[in-house]
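[1] Next one to model:
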Amino acid sequence: MGNQFQLSQEEMDRLMQTAGQKMGTDPQKLRAQLSQGDLSGIMQQLSPNQQAQLNHFLNNPAAIQQMMENPKVQQLLKSLMGK
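    A predicted model of the protein is given here:
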């Protein structure tokens, strides 16, 4: 799997800011939860169907890697970060 998608610290900060705004939560709190592997705050905002889909996805590392290598996903992340 050749194309490793890496975010700089600045890009990660912008992504957390955008995600925090969309979710109505503090970006630093969101970052802390994600760093600790605590998805409860995110999961509470999802429908039961979305929760099931996210759990299935998170339990499949190959699917995550494949998604991150997808050019459309990379473009979406860049646009969310203002690039």
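[2] Which strands and helices lie in contact with the host helix or strand of Ala19?
    Assigned by DSSP states H and E, Ala19 belongs to helix 9-23. Applying 3 or more CB pairs under 8 Å, 6 or more residues apart in numbering; DSSP states H and E, one finds that helix 9-23 contacts helix 27-35, helix 71-80. Quick note: C-beta positions are derived from backbone N, CA and C, even for glycine.
[3] Now the host helix or strand of Gly41: average pLDDT?
    Using DSSP H and E, Gly41 maps to helix 40-43. Helix 40-43 shows an average pLDDT of 82 in the prediction.
[4] So which residues make contact with that helix?
    Helix 40-43 is contacted by residues 23, 25, 29-30, 33, 51, 54 when judged by CB atoms under 8 Å, 6 or more residues apart in numbering.
[5] And stretch 9-18, by the same measure?
    Contacts of stretch 9-18 (CB under 8 Å, 6+ apart): 7, 27-28, 30-31, 77, 80-83.
[6] hmm, 10 Å instead?
    Residues from elsewhere that reach stretch 9-18 (CB atoms under 10 Å, 6 or more residues apart in numbering): 6-8, 25-31, 34, 77-83.
[7] Show the buried residues in the residues you listed.
    The neighbour-count criterion (16 or more other CB atoms under 10 Å) marks 25, 27, 30-31, 77, 81 among the contacts of stretch 9-18 as buried.
[8] Out of those, which two sit at the greatest distance?
    Farthest pair in the buried ones among the contacts of stretch 9-18 (CB to CB) is Thr25 and Leu77. Separation: 19.0 Å.
[9] Hmm, Gln45 and Ala19 touching each other?
    No. The pair Ala19 / Gln45 is not scored as a contact, 11.0 Å apart, by CB atoms under 10 Å.
[10] Looking at these two, which has the bigger crowd around it?
    When neighbours are counted by other CB atoms under 10 Å, Ala19 and Gln45 differ, and Ala19 comes out ahead with 16 against 12.
[11] What's the separation between the more buried one and Lys78?
    15 Å (CB to CB, to the nearest Å).
[12] what's the burial count for the residue nearest to Met67 when sequence neighbours are not counted?
    Nearest residue to Met67 in three dimensions, chain neighbours excluded: Val73, at 5.5 Å (CB to CB, 6 or more residues apart in numbering). For Val73, the number of neighbouring residues by other CB under 10 Å comes to 13.
[13] Great, nothing more from me.
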